[in-house]
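> Turn this into a model:
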Amino acid sequence: MSSRSNVISSVIIVILVFSAVGSFVFLTNQYVPSNIAVVVIDPGFGDRSMADHAYEGLYQIDVVVNYDFYVANDVEDLQTIINTLAVNRNHDLILVIGTQVGLATAVNVVAAANQHQRFGFVGGYVSQPNVASATFSNKQGGFLAGALAAYLAVGDMSRSGIVGIIGSVSDDPTVAELIDGFLQGIDFANQTLGNVSLLATQYVGSYNDSLTAEVLARNMWNPLLGNASVIFAPVRASIVGIRTAMEYANETWFWDIPNREPFVIGAEGDQRYMGNPDIDIASGPSWVVTSVVPRSDLAVVRIINATLWDEFLGNLNYGGEIASTFGGNLTNNGIGLADMHEFQDENWVTDKMINMTIDYRLAIINGTIEIT
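Modelled structure (predicted):
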């Protein structure tokens, strides 16, 4: 073969396709997008919290990726789905998002039986060489939320000093950690305030039961029943019911009382969008002053990038800005409170309250405040 032939054979193949209307030139594309399966449990995407927040991370990846989405009915169904996906070997990564009881065990079982397959697990930890996990220090985030709730509850003479808690499912470990941290935050703040009281914690019994959530929230805000000023609501998709109860509480009991609003602190994702953007208009879905936000979006980005660039590391926790054994916490910005600037006002979220959360955050980081 001549040198000219060698040169010709080394260039990118150009295929000329001629037709009656003209000619087209196609260059072969050697990049084949990675396939990633994303598996969640009902209600799946649209849960208004962790799954939706993690979903945002999927589209922060710099390269083209093909996603296949699966919504399982329950943990058992999810285990079947991810095992089938692993056996079929069609995906570079199987990404599981959730915190339900038994989910870690299901991922562990499938990962152990399919060592060839890489898994991402956002919401829990599995110690397998082929599983990259992401957990978050929910107690730390909950602590800041509890301290803020205490200050909000007594921040004006028209408020009752009473705080309520509504959770989704009582045996969900993330919900339990959030509430535990929240209670510790209230207790710590009350050492200074001294006049904050708590209603008995209530549970919706589901991740997606807006009607029950609405009834519970109405009762907590009702001046003749709970008389709460603030409700902490790690309820996922049921936050829609909390929003409806906000409207009812304002229209029925609080509309003519200055600075008495049905305040809510959300969790497991940034739920400020549930609030009215103009806080001076006391109508409609408003008053979600902040949320406890675990950076599940950041975790998704880091796990996928590690997979795509062949830097995948199992047995590590990708919950924070740096992979570690500790997960996302206040120190590595893996969890925190959503920005409150829209509510920053001398009659709403005051400078003193915001500075308090900053001081408490630093005290937790340096060990001055210990969360058990």
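> Export only the CA atoms of stretch 343-351, formatted as PDB.
Listed next in PDB are the C-alpha coordinates belonging to stretch 343-351 (Å, rounded to 0.1, in the frame of the first residue of the first chain):
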ATOM      1  CA  PHE A 343     -38.400  36.800  54.600                       C
ATOM      2  CA  GLN A 344     -35.700  39.000  56.200                       C
ATOM      3  CA  ASP A 345     -37.700  41.700  57.900                       C
ATOM      4  CA  GLU A 346     -37.900  43.200  61.400                       C
ATOM      5  CA  ASN A 347     -41.400  41.600  61.800                       C
ATOM      6  CA  TRP A 348     -40.600  38.300  60.100                       C
ATOM      7  CA  VAL A 349     -37.200  36.600  60.000                       C
ATOM      8  CA  THR A 350     -35.000  39.200  61.800                       C
ATOM      9  CA  ASP A 351     -31.300  39.900  61.500                       C
END
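> Break down the stretch 51-200 of the chain into its strands, ranges please.
Using DSSP state E, counting those that start in this stretch, the strands of the stretch 51-200 of the chain run over 65-72, 93-97, 119-122, 131-134, 162-167, 197-198.
> With respect to burial, which of these scores highest?
Looking across the strands of the stretch 51-200 of the chain with neighbours counted as mean count of other C-beta atoms under 10 Å, the highest average goes to strand 119-122: a mean of 29. The way it works is simple: take the backbone N, C-alpha and C, and place the C-beta from them, glycine included.
> List the contacts of that one.
For strand 119-122, the surrounding residues in contact (C-beta atoms under 8 Å, 6 or more residues apart in numbering) are 50, 54, 82, 93-98, 104, 107, 110-111, 126, 128, 130-134, 296, 299-300, 303-304, 307, 318.
> my read: residue 213 touches residue 236, true?
No - applying C-beta atoms under 8 Å, one finds residue 213 not in contact with residue 236, separated by 9.6 Å.
> Which one's more surrounded, those two?
Taking neighbours as other C-beta atoms under 10 Å, residue 213 and residue 236 compare with residue 236 leading, 33 against 30.
> Now stretch 41-61: buried residues?
41-44, 47-55, 57-58, 61 (16 or more other C-beta atoms under 10 Å).
> can you tell me which two in the residues you listed are farthest apart?
The most widely separated members of the buried residues of stretch 41-61, counting by C-beta to C-beta, are 42 and 61 (25.6 Å).
> Please determine how far residue 137 is located from residue 366.
Distance of residue 137 to residue 366, given as C-beta to C-beta, to the nearest Å: 15 Å.
> what about the two, which has more around it?
A count of neighbours by other C-beta under 10 Å puts residue 137 above the other of residue 137 and residue 366, at 24 against 9.
> Which residues are in contact with the closest residue to the more buried one other than its chain neighbours?
Nearest residue to residue 137 in three dimensions, chain neighbours excluded: residue 329, at 3.9 Å (C-beta to C-beta, 6 or more residues apart in numbering). Shown in contact with residue 329 (C-beta under 8 Å, 6+ apart): 136-137, 140, 319-320, 335.
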